[in-house]
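Novice: Quick one, fold the following:
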Amino acid sequence: MPAQKIREFKNVKKVTAGAWHRVVVQASWESDSTGFFELWFDGENVVEAYNILTTVGDGRYFQFRVGLYANGWHDSGYNGSQGTRRIWYDQIAIGSDFKDADPDGRAAISEESMGFQDVYEDL
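Specialist: Alright, predicted model coming up:
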């Protein structure tokens, strides 16, 4: 199995402890250079990456996962004063169009203001 390539986007935004944040992702999951990834944090577009690999092409099924992946924090001996890390999620959704996943039902406003692109794929 070929090595999985990882692209990091560092220092994008700070998460405020004790506050809810809205994170929106639009992506085209592709194993060639036709994929893209965009991320909005509290309504601000903070990542735009186009013509990139966004998934592996080695026969594994695509899986979209959400979680607190703190392997580096764990592996480096829990650096810092925080002994545990907790995160809460609410209203996680996925859809073919933004309106399918919009928890506020304001798709017409949000889709336009966030500059979403129409992407069509043959399944």
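Novice: give me the low-pLDDT residue ranges for the protein?
Specialist: Scanning the chain for pLDDT under 70 picks out the ranges 1-3, 70-74, 78-83, 106-123.
Novice: mind checking the longest strand of the protein?
Specialist: Within the chain, and with DSSP state E defining each element, the longest strand by residue count is strand 44-52.
Novice: Which strands border that one, and is each parallel or antiparallel?
Specialist: Here strand 44-52 is paired, per DSSP bridges, with strand 35-41 (antiparallel).
Novice: Pull the distance from the strand it pairs with to the chain's centre.
Specialist: A distance of 7 Å separates the centroid of the chain from that of strand 35-41, by Cα atoms, centre = their mean, to the nearest Å.
Novice: Next up, the contacts around the residue nearest to the spatial centre of the chain.
Specialist: Nearest to the geometric centre of the chain sits Val25, at 4.7 Å (Cα atoms, centre = their mean). For Val25, the contacting residues are Phe37, Glu38, Leu39, Trp40, by Cβ atoms under 8 Å, 6 or more residues apart in numbering. Every residue, glycine included, has its C-beta placed from N, CA and C.
Novice: Quick check: the farthest pair among those?
Specialist: Greatest spatial distance among the contacts of Val25 (Cβ to Cβ): Phe37 and Trp40, at 11.6 Å.
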